[in-house]
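Asks: Build the 3D model from these lines:
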Amino acid sequence: MIQDIAPDRLENAYRTIKPNDGDSAAVFDADGKMLADVRDGEIRFPNGKQLSLAGAVYLFAAGGKRYFLPPDGTACACEGFAYKSMRELRDAGHGTALFAAFTAYHLWRWYADNRFCGRCGAKTAPHARERALQCAACGNVVYPRLNPAVIVGVIRGESLLITRYRTGYAHNALVAGFTEIGETLEETVRREVMEETGLRVKNIRYYKSQPWGMAQDILMGFYCDADGDGEVRADGTELKYAAFVERREIVLQPNSLSLTNEMMKRFRDGMPC
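Replies: The predicted structure follows:
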């Protein structure tokens, strides 16, 4: 999955440090596209030698490289670099650099969306001691946004419930949805399966989680069993397809980045679910 970068690792502790020439810059335009040089499946980012990192905010370190977020309007005329969407980077890259791009986007989006206090409207500024933004006027503290969501593999005998979205991502997927206020993760599983496919489920069991910075999500995977042999009724708003597919017929996604793909592959290959 995208976060599986061993022996590299993500060091996301907040630090008040200044950048140097060798540090990487996470530069985004107003549409959330990231400045990168993509060649032969490898992603490179500009560094302190190629653009000014004055006033940049430290984000994290990954694979021995430190990443900083420069102020808005930072220019870079470096040859070979261009603004790429997260989807373009996802389709072109892999490894530590791609995970760094997703994580940098997650933080950039949060900083961009919280320039002003939601309580009083005054400007916010980075907190002195932790990863947070604080309003100088009223003291309100805002922490990075993280959206909890479930990915659900519904099993019936030797078949897995496969879905496809009506718009957006075009490949096979599983039932998925966000946890609502006052709801447990298990209740989210039951509700989302019912809403999207009209099925009841039982024997809900947790599998694994995944950070998905592209959407500011934390994804939590669950397997469960279909309760009975009711008919699948795909939600026509979100889904264009939903059906139980036998193990040997499951078509995986074009890359191994997502928790969804790993869960489909695990079932297809007959591993414990």
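
Asks: Now do the strands in the stretch 151-273 of the chain.
Replies: Listed in chain order, the strands of the stretch 151-273 of the chain (DSSP state E, counting those that start in this stretch) span 159-165, 175-178, 201-212, 217-226, 239-246.

Asks: and the angle from the first one to strand 217-226?
Replies: Just to be clear, that refers to strand 159-165. Our comparison of strand 159-165 with strand 217-226, counting by axes from the mean of the first three to the mean of the last three C-alpha atoms, to 10 degrees, yields an angle of 140 degrees.

Asks: wait, doesn't Tyr223 sit right on Met264?
Replies: No: assessed by C-beta atoms under 8 Å, Tyr223 is found out of contact with Met264, at 11.1 Å. No exception for glycine: its C-beta is placed from N, CA and C like everyone else's.

Asks: Dead centre of the chain: give me the residue that sits there.
Replies: Trp212 (1.5 Å; C-alpha atoms, centre = their mean).

Asks: Could you dump the strands of the stretch 151-273 of the chain into a markdown table and include mean pLDDT and distance to Arg131?
Replies: Below are the strands of the stretch 151-273 of the chain laid out as a markdown table (pLDDT from 0 to 100; distance: least, C-beta to C-beta, whole Å):
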| stretch | mean pLDDT | distance to Arg131 |
| --- | --- | --- |
| strand 159-165 | 95 | 32 |
| strand 175-178 | 96 | 23 |
| strand 201-212 | 98 | 15 |
| strand 217-226 | 98 | 15 |
| strand 239-246 | 94 | 36 |
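
Asks: Mind putting those into TSV with distance to Pro148?
Replies: TSV is the format used below for the strands of the stretch 151-273 of the chain (distance: least, C-beta to C-beta, whole Å):
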stretch	distance to Pro148
strand 159-165	20
strand 175-178	7
strand 201-212	10
strand 217-226	6
strand 239-246	21
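
Asks: With respect to Cys78, which of the ones you listed lies nearest?
Replies: In terms of C-beta to C-beta, the element of those nearest to Cys78 is strand 201-212, at 28.7 Å.
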